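Engineer: I'd like to go over a predicted model; first the sequence, then the structure.
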Amino acid sequence: MGYAYYTISRNGEEIEAGYAVETVCEQNGCTEQIDRGLAHLCGATPGGDEYGCGGYFCGQHLLGSPVPEASGQCRPCSDRYEAEHPENE
């Protein structure tokens, strides 16, 4: 499978994803142009997983990740992960 274009199921909805799929950051109020590639993904798996929601965010709204499997996390997912894993602080 290539990562330029594919479809995923996220929150019960089928969406287009991949680095060739242009979109805007999913942070409320942000209009930064990005793509739906893995570099902008919250979590480790398109569609969402235990590390993130599967949303796509710009560099300002995608924080670092506590685990190497995930490229980053949005603020709500980062806060949730920290609350669930206090031993990592």
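Structural biologist: Nice, thanks for sending it over. Numbering: from 1, shown residues only.
Engineer: Strands along this protein, start to end?
Structural biologist: 6-10, 13-24, 33-36 (DSSP state E).
Engineer: Which positions in the shortest one come out as buried?
Structural biologist: Put plainly, it is strand 33-36. 34-36 (16 or more other C-beta atoms under 10 Å). All C-beta atoms are positioned from the backbone trio N, CA, C, and that covers glycine.
Engineer: before we move on, what about the second one?
Structural biologist: Applying a neighbour-count criterion of 16+ other C-beta under 10 Å, the buried positions in strand 13-24 are 15, 17-19, 21.
Engineer: before we move on, back to that, I'd like to know which of the strands of the chain is closest to Gly48.
Structural biologist: The closest of the strands of the chain to Gly48 is strand 6-10. By C-beta to C-beta, the value is 6.1 Å.
Engineer: that older thread, now for the strands of the chain, which one comes closest to Glu87?
Structural biologist: Closest approach to Glu87 among those (C-beta to C-beta): strand 6-10, 29.3 Å.
Engineer: With respect to Cys25, which of the buried residues of strand 33-36 is nearest?
Structural biologist: Nearest member of these to Cys25, counting by C-beta to C-beta, is Ile34, at 5.6 Å.
Engineer: ok, the buried residues of strand 33-36 vs Tyr56, which is closest?
Structural biologist: Checking the buried residues of strand 33-36 against Tyr56 by C-beta to C-beta gives Arg36 as the nearest, at 4.9 Å.
Engineer: ok, the closest one - contacts?
Structural biologist: 15-19, 21, 23, 56 (C-beta atoms under 8 Å, 6 or more residues apart in numbering).
Engineer: likewise Glu69?
Structural biologist: 44, 51.
Engineer: Quickly list what the residue lying closest to Val21 once chain neighbours are set aside is bridged to.
Structural biologist: For Val21, ignoring the flanking residues on the chain, the nearest one in space by C-beta to C-beta, 6 or more residues apart in numbering is Arg36 at 4.3 Å. Using DSSP bridges, the bridge partners assigned to Arg36 are Gly18.
Engineer: and if you look at Tyr56?
Structural biologist: Under DSSP bridges, the beta-bridge partners of Tyr56 are Leu41.
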